[in-house]
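A.B. asks: turn this into a structure:
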Amino acid sequence: MLGLALVLPALTVLVAAPAAAHAVLVASDPTDGARLPSSPTQVTLTFDEPIRLMPTGTQVISDAGVRVDTGPALTADGATIVLPLQADLAAGSYTATWDVISADTHKVVGSISFGVGRDAHAVPAGLTPGRDGPVDVGAELARGAQFVGLVLGVGVVLVCAALWPWTLNVRTTQVLCATGLALLILASLAEVVTAAVRDSGALVTVAASRQGAVTLTRLALTALFAVVLPQLFGGPRKVTITVTAAVCAALSATIAMDGHAGVGADATLATVLTSAHVGAMALWLGGLTALGMVVLPSRHTDNLHRWSATAATCVAVLVVTGCYQAWRQIAPVQALWSTAYGWTLSVKVVAVGAMLVLAYLARRRLTPRRLRRTVSLEAGIGVAVLAVTTVLVALPPARTSYGPPMTLDAPLDGGRHVLIRIASTRHGPTAIRASVLDAAGRPTPALSMAGDLSSREAQIPFLPVDFTAETNDWVSTYASAPRPGLWTLRLTVRFGQTDAVVTTVGFRAW
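C.D. replies: Reported below is the predicted structural model:
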């Protein structure tokens, strides 16, 4: 009996040994939740036992989901992960995640967060852009004036020089051109001023920025063209066409670079095609303006067929480049009918379609009388298209704003379930509200709720989600899916000391 009494405790120890706890984080630098005055050089994560790194998942990411470390490494003892960071991190919230194998061969995931110049988990101000009232309205009006100015100051000149050179000496043409160039100059100045107001009045800062350089280039080109235009009106026709075409291309490029085209992986191609789109718009609407206000009122009918061919070419360019822009800015396709950008683009497409119908009806019987009836309508719709385009370029693209709210149902046990409402499925910070319900759909009390988010597709193994009780709901204090992809939300609902249920739901962050 004595031998048995000695053997049993030994066996107990031997059997219990493999069930040792998984690796536990015992220290980190920075500490979880720390607010740092300046950018750290590295993040260290120390565990209570040696661990092994998984191929992905151990990293430091910004609140925008951008990786900011240069790769993890283990120290000689195998218990500390060192993550060197890129130099001079911008102010913001950062999260260090780990995905490791502990000594007992079990997978261990987790994360800590810290802030540079702001609190950890602070939502970046840029994620919910506010509007500055008159400043933003002024910026949008300036953009609209640029479009009108390009049509009148450059498009009219180019079409008139190419098709109706006699109109360059008509006072109406000269007034249109002068008005357009004045609008371009004033709009460019207004763009610099509104940008400076948004940057706390720093005109020098704006001038030194990319946007400022583009705007000042546009301003200089317009001013130079305004100076030489009187000489072009009386000079050789080919010189006028060549110079005006070059100015049109350059100004169209500056407008394209100042908008959505200048951002993204294929920015160069997008800028080229958007420049062509803007230039074709200037020629088409400029030609309609010249036709309706100068050519037809003077009873001249020369080159109507050439104008018809020119307009058809412009429309073809607009359709091809417009399709590319729509493909680039709208993803997924549901964003077309569920975002402000998609709705506005649809209105623009309908308006342009109406212009095409009118142009087709006029071309079937190309006579001055029919043109007088349709050109005024086309020009009126063209003004509406410019207005819609002004609104469109001020809106965030659908690909960067799509993220509809989602409601999910996660089963528990005994008929109980959790109704989960995700405020936005756009990648980045969001708000999660969870209601614990019984089998009859009535709210049922729970002692606590904890959660975490993970995504194999986004290579993020663990991000905690903390909840606080609010009446019959549990509301996240901070939740973020920082990268696009399929995400899993895991909830642990505790009803009592011995009654806790774990459930999961999946959703896509766009």
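A.B. asks: Ala311 and Arg373, how far apart?
C.D. replies: Taking Cβ to Cβ, to the nearest Å as the measure, Ala311 falls 16 Å from Arg373. Backbone N, C-alpha and C define where each C-beta goes, glycine included.
A.B. asks: compare these two (neighbour count), which wins?
C.D. replies: Ala311 (23 against 12; other Cβ atoms under 10 Å).
A.B. asks: my guess is that one contacts Ala359, does it?
C.D. replies: Yes - counting by Cβ atoms under 8 Å, Ala311 touches Ala359, with 6.3 Å between them.
A.B. asks: check contacts around Asp32.
C.D. replies: Ile112, Ser113, Phe114, Ala120 (Cβ atoms under 8 Å, 6 or more residues apart in numbering).
A.B. asks: just the ones of the residues you listed in strands?
C.D. replies: The strands, defined by DSSP state E, take in Ile112, Ser113, Phe114 from the contacts of Asp32.
A.B. asks: turn those into a markdown table, columns for neighbour count, distance to Ala250 and pLDDT.
C.D. replies: Shown next, in a markdown table, are the ones in strands among the contacts of Asp32 (neighbours: other Cβ atoms under 10 Å; distance: Cβ to Cβ, whole Å; pLDDT from 0 to 100):
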| residue | neighbour count | distance to Ala250 | pLDDT |
| --- | --- | --- | --- |
| Ile112 | 22 | 51 | 91 |
| Ser113 | 22 | 47 | 91 |
| Phe114 | 23 | 47 | 93 |
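A.B. asks: what is the nearest of the residues you listed to Gly403?
C.D. replies: Distances from Gly403 to these, taken as Cβ to Cβ, are shortest for Ser113 (21.9 Å).
A.B. asks: what ranges does this protein have for its helices?
C.D. replies: 2-16, 134-150, 156-163, 171-198, 203-208, 210-233, 237-257, 267-290, 304-329, 335-338, 340-364, 368-394, 398-401 (DSSP state H).
A.B. asks: how about low-confidence regions in the stretch 151-300 of the chain?
C.D. replies: 198-202, 262-265 (pLDDT under 70).
A.B. asks: what's the answer for the stretch 401-510 of the chain, then?
C.D. replies: In the stretch 401-510 of the chain, no residues with pLDDT under 70.
A.B. asks: ok, and the closest non-adjacent residue to Gly415?
C.D. replies: Ala439 (2.8 Å; Cβ to Cβ, 6 or more residues apart in numbering).
A.B. asks: isn't the one you found right up against Gly414?
C.D. replies: Yes - contact criterion Cβ under 8 Å: Ala439 and Gly414 qualify, at 7.1 Å.
A.B. asks: contacts only, for the nearest residue to Gly286 once chain neighbours are set aside.
C.D. replies: Closest residue to Gly286 apart from its sequence neighbours, by Cβ to Cβ, 6+ apart: Gly155 at 2.2 Å. By Cβ under 8 Å, 6+ apart, the contact set of Gly155 is Cys248, Met281, Ala282, Leu283, Trp284, Leu285, Gly286, Gly287, Thr289.
A.B. asks: for the residues you listed, which one is nearest Ala500?
C.D. replies: Of the contacts of Gly155, the one sitting nearest to Ala500 (Cβ to Cβ) turns out to be Met281, at 62.0 Å.
A.B. asks: my read is that that closest one contacts Val151, right?
C.D. replies: Yes - judged on Cβ under 8 Å, Met281 makes contact with Val151 at a distance of 7.4 Å.
A.B. asks: centroid-nearest residue for the chain?
C.D. replies: For the chain, the residue nearest the mean C-alpha position is Thr400 (3.1 Å; Cα atoms, centre = their mean).
A.B. asks: gap between Val156 and Arg433?
C.D. replies: Taking Cβ to Cβ, one finds Val156 at 56 Å from Arg433.
A.B. asks: nope, Ala207 is what I was after
C.D. replies: 46 Å.
A.B. asks: now Leu158
C.D. replies: 57 Å.
A.B. asks: ok, those two, which is more surrounded?
C.D. replies: Leu158 (22 against 16).
A.B. asks: wouldn't the more buried one be in contact with Thr244 here?
C.D. replies: Yes - here Leu158 lies in contact with Thr244, judged by Cβ under 8 Å, at a distance of 4.5 Å.
A.B. asks: count the residues that sit near the residue nearest to Gly415.
C.D. replies: Around Ala439 there are 11 residues (other Cβ under 10 Å).
A.B. asks: which residues touch it?
C.D. replies: Ala439 neighbours (Cβ under 8 Å, 6+ apart): Gly414, Gly415, Arg416.
A.B. asks: give me the neighbour count for the first one.
C.D. replies: Yep, that's Gly414 we're talking about. 10.
A.B. asks: who are the neighbours in contact with it?
C.D. replies: Ala439.
A.B. asks: tell me how this structure divides into domains.
C.D. replies: Domain ranges of the chain: 21-124, 135-400, 406-509, per automatic domain parsing.
A.B. asks: closest to Pro443 out of the ones in strands among the contacts of Asp32?
C.D. replies: Once Cβ to Cβ is applied, the member of these that ends up nearest Pro443 is Ser113, at 31.3 Å.
A.B. asks: against Ala178, how distant is the closest one?
C.D. replies: Distance from Ser113 to Ala178, by Cβ to Cβ: 58 Å.
A.B. asks: please apply the same query to Pro55.
C.D. replies: 65 Å.
A.B. asks: neighbour-wise, which of these two wins?
C.D. replies: Ala178 (15 against 7).
A.B. asks: can you pull the contacts of the closest residue to Val388 other than its chain neighbours?
C.D. replies: Setting aside the residues directly before and after it, Val388 is nearest to Lys348 in space (Cβ to Cβ, 6+ apart), at 4.6 Å. Lys348 sits next to Val385, Val388, Thr389, Leu392 when contact means Cβ under 8 Å, 6+ apart.
A.B. asks: go on, Thr468?
C.D. replies: Thr468 neighbours (Cβ under 8 Å, 6+ apart): Trp474, Val475, Thr477.
A.B. asks: repeat that with 7 Å
C.D. replies: Val475, Thr477 (Cβ atoms under 7 Å, 6 or more residues apart in numbering).
A.B. asks: cool, and Thr310?
C.D. replies: Counting by Cβ under 7 Å, 6+ apart, Thr310 has contacts Gly287.
A.B. asks: how about a cut-off of 8 Å?
C.D. replies: By Cβ under 8 Å, 6+ apart, the neighbours of Thr310 are Val159, Ala162, Leu163, Leu283, Gly287.
A.B. asks: Leu45 now?
C.D. replies: Contacts of Leu45 (Cβ under 8 Å, 6+ apart): Leu25, Ala27, Ser28, Thr80, Ile81, Leu83, Ala96, Trp98, Ile112.
A.B. asks: separation between it and Val294?
C.D. replies: Counting by Cβ to Cβ, the gap from Leu45 to Val294 is 73 Å.
A.B. asks: who does the residue nearest to Leu419 when sequence neighbours are not counted form a beta bridge with?
C.D. replies: Nearest in space to Leu419, with sequence neighbours left out and distances taken as Cβ to Cβ, 6+ apart, is Ser435 at 4.4 Å. Taking DSSP bridges, one obtains Leu419, Asp473 as the residues bridged to Ser435.
A.B. asks: show me the contact partners of stretch 137-151.
C.D. replies: 180-188, 190-191, 193-195, 218, 222, 248, 251-252, 255, 278, 281-282, 285-286, 289, 386-387, 389-391, 393-394.
A.B. asks: redo that, cut-off 6 Å
C.D. replies: 180, 183-184, 187, 190-191, 194, 251, 282, 285-286, 386, 390, 394 (Cβ atoms under 6 Å, 6 or more residues apart in numbering).
A.B. asks: cool, stretch 227-243 as well?
C.D. replies: Outside stretch 227-243, the residues touching it (Cβ under 6 Å, 6+ apart) are Ala161, Ala162, Pro165, Leu168.
A.B. asks: alright, calling it a day.
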